[in-house]
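Asks: Please work out how this folds:
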Amino acid sequence: MNVIELLADLQAQHDETAARAGELRDQTEHVTAAPAETEARLADLATTRKVITELAPASGQPAPPETNTAYQAIVNTFNQHPHQEFRARELHELLGMPTDEASVNITRSRLG
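Replies: Numbers count the residues shown, from 1 in each chain. Got it, this is the predicted structure:
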């Protein structure tokens with residue numbers, strides 16, 4: 001083996017070792033970052049669990065659905081009188097809802 005071949009062989013080994021060192025650095029960075037990412041995920045899950053626990057009914061039973069919202073009352077009125085046209089103010093009077101202009105305008109815009 002001459003000097004040129006020896007230098008080429010040393011360069012090849014150097015390149016392989018440098019590539020392996022780079023791979024190991026990348027793996028080390030990944031392994032070092034993983035615990036912090038996992039801790040952050042655990043904190044997110046704990047927060048989510050806390051929020052859900054606070055929102056869930058205490059008895060463990062699902063909350064009863066709202067039975068008579070204003071919207072549902074209006075829809076029921078339309079269903080009961082399918083051929084009758086209603087003005088927003090008439091609906092409010094019929095359903096005992098507030099008849100002030102702002103409330104009627106809200107209903108009017110939602111029914112739009």
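
Asks: Going by C-alpha atoms from here, please, whenever you check contacts or count neighbours.
Replies: Will do.

Asks: Please name the nearest non-neighbouring residue to Leu95.
Replies: Sequence neighbours aside, Ala73 is the residue nearest to Leu95 in space, at 7.4 Å (criterion: C-alpha to C-alpha, 6 or more residues apart in numbering).

Asks: So which residues lie in contact with the one helix or strand that neighbour maps to, not counting its own?
Replies: Element membership for Ala73, per DSSP states H and E: helix 70-80. For helix 70-80, the external contacting residues (C-alpha atoms under 8 Å, 6 or more residues apart in numbering) are 84, 91, 95.

Asks: Tell me which residues of it come out buried.
Replies: Across helix 70-80, burial judged by 16 or more other C-alpha atoms under 10 Å covers 74, 77.

Asks: immediately after it, which helix or strand?
Replies: Next in sequence after helix 70-80, counting helices and strands by DSSP H and E, comes helix 88-95.

Asks: how far out from the middle of the chain is that following helix?
Replies: 38 Å (C-alpha atoms, centre = their mean, to the nearest Å).

Asks: then the helix holding Ala73 to CSV, C-alphas only?
Replies: This file holds the C-alpha atoms of helix 70-80, laid out as CSV (Å, rounded to 0.1, in the frame of the first residue of the first chain):
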residue,chain,number,x,y,z
ALA,A,70,-86.4,30.3,22.2
TYR,A,71,-85.3,28.9,18.9
GLN,A,72,-87.0,25.5,19.5
ALA,A,73,-90.2,27.3,20.6
ILE,A,74,-90.2,29.3,17.3
VAL,A,75,-89.5,26.2,15.2
ASN,A,76,-92.3,24.4,17.1
THR,A,77,-94.7,27.3,16.3
PHE,A,78,-93.8,27.1,12.6
ASN,A,79,-94.4,23.3,12.7
GLN,A,80,-97.7,23.6,14.4
